[in-house]
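1. only geometry, no sequence info:
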Ligand code: GCB
């Protein structure tokens, strides 16, 4: 059980939230001895850096961009005197990949895992009506005992270097917003909601956890602010007459107001938006509100120029506008849970999210996308350290589901990306992760994981855990690319026929397919890397998708070009974007728009 609340910071009659975003003092710890020099009391130098942002792309020195180790941040924060008697928290949207927080030199929190929020309870540490020094030691090294997996090596220069087992740059730092919050001593800690449709009406069952014993009341307000239902108690059912459903690309949000009351006095009030919708997998269909949907959209990244993986509100807006323009209805948060603001936007815009935990790189390879295509057998879950990894993974699943469970946009959990699945040791590992997700999710959403190329129907030992089978397939790119694309199609159909023969009676979706394409390259006739080839690749893949009625979605890799580690397989990053990194369309964008706008929502339903 988590010992801090995952609720998004919001103000109310009883709550205060002050943004700590802005410039923070910053320094790198080249000798890993910051603590012995008492940096927890204040860091040296006068460099400042923006938060939220990845630190890497601001500087001109390659040693800094590639730095692996501890990064120190510092900010003086003012705590108002009126807050005395409240619970004071410093809340980090994320610190990649782990952090220790000190306030006034005293250790206040420690957190492992770089893509989910945590709080430091500083109630007993802060001085009121005064400035307090917050120092955060963030560490960005990769290991096989935490997700995402990779190695950290020492070079002959004695500098450390991260070697990810995954295909995105190891951006790190304080990449999401930081808040200073004040909560009443007795506060709302967690909320569960479950929707049920009954003809025109709906029932929203809820469960509220608080930090005390006073009674709870719950109200549901419609989009105009009218009260449409209410209920007393920590558990209850809100009966909504003529419910306005949250639908795909046609969202409707209610406001759920939870109060802790003491004889008419409000001790705490927390309001959050919810959407009334159901999600279910039935046979080979994915049903939203009982109606079949065909997913069209993207695997994405949080990635942009200068700020790297730092949450960028402008980029978020642009991305949603592009997704609407192109006719997408969904995306996967590959390969980690995204900033909370992105889910809030998806809730408002009616996009469907497959929410992915940062379990990527569970396949021992520095180029898994290549090695997997060769059918190479690997073992990953047989290491001495696997039990430690599993604990970190389970913890991330708990944090993700607790954080995201009330978003109507979240329709499925992706519990791993491209893990090794061909050895027996993978099976008990998967079982624990999938069981935990089921247990934690009050809405019992479908669970899935993205299958790498070598997880074929004859070799994969883990697909049975998935409620939706999600394939990452690169026929025509890593396998038989270019003029050989006809071979790719034959192999692709052969694999799909083998899946069909298993008669799993489950929906299949493609969570990845794509071809690297330089926005500068045109060639007639096509060659690989040209925009013309990206179009041929798309056409072949679409024809295969359209030939199997159990295929219920396509999420192309990737929404936009993104930064990776440098290497011979990558041209200053992965170029499979439908849009450039600057969010301008490649030619293929127009073809996708044409296709996606012509596909009915319930295609093959
Ligand atoms: C994959 C990975 C993704 C890579 C992609 C690629 O299978 O899941 O992280 O970026 O392939 O482009 O190779």
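-> All right, it came through fine. For clarity, every value in this text was computed on a predicted model and none was experimentally measured.
2. From now on I want contacts and neighbour counts done on CA atoms only, so please keep to that.
-> Will do.
3. my read: residue 173 touches residue 96, true?
-> Yes: using C-alpha atoms under 8 Å, residue 173 makes contact with residue 96 at a distance of 5.3 Å.
4. Have a look at this protein and report the helix or strand with the lowest mean pLDDT.
-> Taking mean pLDDT, DSSP states H and E as the measure, the helix or strand of the chain with the lowest value is helix 368-371, at a mean of 60.
5. related to what we said a few turns ago, any residues in contact with both of residue 173 and residue 96?
-> Between them, residue 173 and residue 96 share the neighbouring residues 138-140, with contact defined by C-alpha atoms under 8 Å, 6 or more residues apart in numbering.
6. how about these in CSV, adding pLDDT, secondary structure and neighbour count?
-> Shown next, in CSV, are these (pLDDT from 0 to 100; DSSP: H, G, I helix; E, B strand; the rest coil; neighbours: other C-alpha atoms under 10 Å):
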residue, pLDDT, secondary structure, neighbour count
138, 98, strand, 26
139, 98, strand, 22
140, 98, coil, 23
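7. which among these gets closest to the ligand?
-> Within these, distances to the ligand taken as C-alpha to the nearest ligand atom reach their minimum at residue 140, with 18.7 Å.
8. Not counting sequence-adjacent ones, nearest residue to residue 311?
-> For residue 311, ignoring the flanking residues on the chain, the nearest one in space by C-alpha to C-alpha, 6 or more residues apart in numbering is residue 176 at 5.5 Å.
9. which stretch of helix or strand covers the one you found?
-> Counting by DSSP states H and E, no helix or strand carries residue 176.
10. Residue 487 - that's part of a helix, no?
-> Yes: assessed by DSSP: H, G, I helix; E, B strand; the rest coil, residue 487 belongs to a helix.
11. Can you give me the neighbour number for the closest residue to it other than its chain neighbours?
-> Among residues not flanking residue 487 along the chain, residue 480 sits closest, at 6.3 Å (C-alpha to C-alpha, 6+ apart). By the criterion of other C-alpha atoms under 10 Å, residue 480 has 16 neighbours.
12. right, and the helix or strand after the helix or strand residue 319 falls within?
-> Under DSSP H and E, the secondary-structure element containing residue 319 is helix 313-326. Using DSSP H and E, the helix or strand that directly follows helix 313-326 along the chain is strand 330-332.
13. Return the distance of residue 478 relative to the ligand.
-> As defined by C-alpha to the nearest ligand atom, to the nearest Å, residue 478 lies at a distance of 8 Å from the ligand.
14. Could you count how many residues lie near that residue?
-> With neighbours defined by other C-alpha under 10 Å, the count for residue 478 comes to 18.
15. same thing with residue 155?
-> Around residue 155 sit 9 other residues, with neighbours defined as other C-alpha under 10 Å.
16. who's in contact with it?
-> Counting by C-alpha under 8 Å, 6+ apart, residue 155 has contacts residue 161.
17. related to what we said a few turns ago, so which bits of the helix holding residue 319 are buried?
-> For helix 313-326, the buried set under the neighbour-count rule, 16 or more other C-alpha atoms under 10 Å, comprises 315-316, 319-320, 322-324, 326.
18. any idea of the mean pLDDT for stretch 45-64?
-> Averaging the model's pLDDT scores along stretch 45-64 yields 98.
19. The residue in the stretch 51-200 of the chain positioned nearest to the ligand in helix, strand or coil?
-> Across the stretch 51-200 of the chain, the shortest distance to the ligand (C-alpha to the nearest ligand atom) belongs to residue 167, at 4.7 Å. Assigned by three-state DSSP, the conformation of residue 167 is coil.
20. Setting the sequence-adjacent residues aside, check what's closest to it.
-> Taking C-alpha to C-alpha, 6+ apart, and ignoring the residues beside it in sequence, residue 167 has residue 564 as its nearest neighbour in space, at 5.8 Å.
21. Quick check: which element contains that neighbour?
-> Here residue 564 is assigned to no helix or strand, by DSSP H and E.
22. residue contacts, it?
-> When contacts are counted by C-alpha under 8 Å, 6+ apart, residue 564 touches 167-170, 570, 572-574.
23. hang on, the earlier thing: how far away is the residue nearest to residue 487 from residue 532?
-> Between residue 480 and residue 532 the computed distance is 17 Å (C-alpha to C-alpha, to the nearest Å).
24. Quickly note the distance from the residue lying farthest from the centre of the chain to the ligand.
-> Most distant from the centre of the chain: residue 263, at 41.3 Å, with distances by C-alpha atoms, centre = their mean. Between residue 263 and the ligand the computed distance is 54 Å (C-alpha to the nearest ligand atom).
25. cool, and residue 379?
-> In this view, residue 379 and the ligand are 17 Å apart by C-alpha to the nearest ligand atom.
26. Please give the element, helix or strand, for the closest residue to that residue other than its chain neighbours.
-> Take residue 379 and drop its neighbours on the chain: the residue closest to it by C-alpha to C-alpha, 6+ apart is residue 423, 6.2 Å away. With elements taken from DSSP H and E, nothing contains residue 423; it lies in neither a helix nor a strand.
27. how close does residue 423 sit to residue 333?
-> Residue 423 is 27 Å from residue 333, by C-alpha to C-alpha.
28. who has more neighbours, those two?
-> Using other C-alpha under 10 Å, the more surrounded residue of residue 423 and residue 333 is residue 333, with 24 against 17.
29. Centre-most residue in this protein?
-> Of all residues in the chain, the one closest to the mean position by C-alpha atoms, centre = their mean is residue 337, 1.7 Å from it.
30. Which positions in this protein make contact with the ligand?
-> Applying C-alpha under 6 Å from any ligand atom, we find that the chain lies next to the ligand at 166-167, 369, 418, 472.
31. From residue 595, how far out is the residue farthest from the centre of the chain?
-> Distance check for residue 263 against residue 595: by C-alpha to C-alpha, it reads 59 Å.
32. Residue 216 now?
-> Counting by C-alpha to C-alpha - residue 216 and residue 595 are separated by 49 Å.
33. between the two, who's got more neighbours?
-> Using other C-alpha under 10 Å, the more surrounded residue of residue 216 and residue 595 is residue 216, with 23 against 14.
34. Can you tell me, leaving aside adjacent residues, what's nearest to the more buried one?
-> Skipping the residues right next to it in sequence, residue 216 comes nearest to residue 260 by C-alpha to C-alpha, 6+ apart, at 4.6 Å.
35. Tell me the first helix or strand C-terminal of the helix or strand where residue 497 lies.
-> Using DSSP H and E, residue 497 maps to helix 485-502. The helix or strand immediately downstream of helix 485-502 is strand 508-512, counting by DSSP H and E.
36. Give the pairing partners of that following strand; include direction for each.
-> With DSSP bridges as the test, strand 508-512 is paired with strand 469-472 (parallel), strand 551-557 (parallel).
37. So which of those strands is nearest residue 399?
-> strand 469-472 (22.7 Å; C-alpha to C-alpha).
38. and the closest one, how far from the chain's centre?
-> 17 Å (C-alpha atoms, centre = their mean, to the nearest Å).
39. what mean pLDDT does that strand have?
-> Per-residue pLDDT over strand 469-472 has a mean of 98.
40. Show residues contacting it.
-> Applying C-alpha under 8 Å, 6+ apart, the contact partners of strand 469-472 are 418, 448-453, 463, 506-513.
41. All set now, cheers.
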